[in-house]
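Colleague: next comes the sequence, and after it the predicted model I'd like to discuss.
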Amino acid sequence: MKKKDLKSLPLDELTTYMTSLGQPSYRASQLYRWMHVSLADSFDAMTNLPKELREQLRSGCKFTVLKQADVQVSRQDGTRKYLFELGDGNLVESVLMQYRHGWSVCISSQVGCRMGCVFCASTIGGLVRNLSPAEMLEQVYRIQMDIGERITNVVVMGTGEPLDNLTNLLTFIRMISDGNGLNISQRNITVSTCGQATKIKELAKEKLAITLALSLHAPDQATRERLMPIAKSNPLFKVMEACDYYYQQTGRRITLEYCLVSGVNDDAKSAAALAKLIGRVGYHVNLIPVNPIKERGLKAPNPYTVAGFKNKLEKYGINVTIRREMGRDIDGACGQLRRRFSERQDEET
């Protein structure tokens, strides 16, 4: 019999479960607070729950707590790259970044990824499985406990395609923003997608206050297919149509992530095509010089080319920023730390 994953249950579902065990409903609130406010890492810490109940939960339920397998700290900017071990031995990455507005955590939504983007190390080896809501929450919880500071922003932009795991993602968003838990504002939550048009429309119907970030990376279909295989099944015009629908339904500005690759999508022609594609309201372009990955052989443009691309977009009236490069000295790109750690383990065995 499959054990109930307690930390993945919203409060109403947890209340239903606890009453099914013959417990008063307030026990659910106590348990929820231990898991999602106190961030307890064991049932033993839950001292206001009867010992008999703790034993019952321990024997009949799953209690997800991630184990820190590795952490790298950037000497350049203090960015921390965490590697967490899941209950089944799989590994996922999370990144902690400090900005003027507070502490931001970038989490993973899957073990591996099936999208196949050529500039990303996460997809090397393919998709293993989806993460549960608890496993997504735990990345935030363990990091907050590690640094002793409140996390204020969450970005679902690590390993995996979040919309591939939409049901669990929605549960995660509602739980991390729940007033009974960490209560992180949905306006401080960003979800990044490679561009699954149908799933973007499904997400729009939820009317959440989150920010949607589209990994665009090319202003035309041919170049996008070269960089992102998903573009073949999700043509650019359908993806942009879905993004327009998202903006209409939510009123939330969409961020377009544009990874600049030297000699591929960083010239004046690409800038003009990009401006023409998004010459509409509700979009913000975030330029990202590609993070070098030895397996791919891609290179970032020089700083002058990056600045020139930004200036060209601004002349077209596009709202654009250049992403601050953080953690480049610590395997900062998605999937790099997990891959290096696995390689080291293979060498040792």
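Modeller: Cool, the structure landed.
Colleague: make it CA atoms for all contacts and neighbour counts henceforth
Modeller: OK.
Colleague: what helix or strand does Arg33 sit in?
Modeller: Using DSSP states H and E, Arg33 maps to helix 26-36.
Colleague: buried residues of that helix, list them for me.
Modeller: 27-29, 31-36 (16 or more other Cα atoms under 10 Å).
Colleague: stretch 5-12 too?
Modeller: Under the neighbour-count criterion of 16+ other Cα under 10 Å, stretch 5-12 has 5-11 buried.
Colleague: just to revisit the earlier point, would you list the buried residues of helix 26-36 in a markdown table and tack on pLDDT?
Modeller: Formatted as a markdown table, these follow (pLDDT from 0 to 100):
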| residue | pLDDT |
| --- | --- |
| Arg27 | 97 |
| Ala28 | 98 |
| Ser29 | 98 |
| Leu31 | 98 |
| Tyr32 | 98 |
| Arg33 | 98 |
| Trp34 | 98 |
| Met35 | 98 |
| His36 | 98 |
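Colleague: looking at the residues you listed, spot the one nearest Lys62.
Modeller: Met35 (12.5 Å; Cα to Cα).
Colleague: nearest residue to the closest one other than its sequence neighbours?
Modeller: Lys7 (6.8 Å; Cα to Cα, 6 or more residues apart in numbering).
Colleague: quick one: that neighbour and Glu241, what's the gap?
Modeller: 36 Å (Cα to Cα, to the nearest Å).
Colleague: before we move on, what about Ala218?
Modeller: 16 Å.
Colleague: next, Lys276: secondary structure please.
Modeller: The three-state label given to Lys276 by DSSP: H, G, I helix; E, B strand; the rest coil is helix.
Colleague: residues contacting it?
Modeller: Under the criterion of Cα atoms under 8 Å, 6 or more residues apart in numbering, Lys276 has no contact partners.
Colleague: any idea how far it is from Tyr26?
Modeller: Lys276 is 56 Å from Tyr26, by Cα to Cα.
Colleague: one more: Glu55?
Modeller: Taken as Cα to Cα, the span from Glu55 to Tyr26 is 18 Å.
Colleague: again with Val105
Modeller: 31 Å.
Colleague: can you check Gly89 too?
Modeller: 34 Å.
Colleague: ditto for Asn319
Modeller: Counting by Cα to Cα - Asn319 and Tyr26 are separated by 49 Å.
Colleague: just Gly87 next, same as before
Modeller: For Gly87 relative to Tyr26 (Cα to Cα), the value is 29 Å.
Colleague: one more: Phe172?
Modeller: 22 Å.
Colleague: repeat that for Gly60.
Modeller: Here the criterion is Cα to Cα. By it, Gly60 lies 20 Å from Tyr26.
Colleague: buried sites along the lengthiest strand in the chain?
Modeller: Ordering each strand of the chain by length in residues (DSSP state E) puts strand 91-99 first. Neighbour-count burial for strand 91-99 flags 91-98 (criterion: 16+ other Cα under 10 Å).
Colleague: for that strand, C-alpha coordinates in CSV please.
Modeller: Extracted C-alpha coordinates of strand 91-99, given in CSV (Å, rounded to 0.1, in the frame of the first residue of the first chain):
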residue,chain,number,x,y,z
LEU,A,91,19.7,14.3,-7.2
VAL,A,92,18.3,17.7,-7.9
GLU,A,93,19.8,21.2,-7.9
SER,A,94,18.7,24.5,-6.3
VAL,A,95,20.3,27.9,-6.4
LEU,A,96,20.3,30.6,-3.7
MET,A,97,20.9,34.2,-4.8
GLN,A,98,20.8,37.4,-2.8
TYR,A,99,19.4,40.6,-4.4
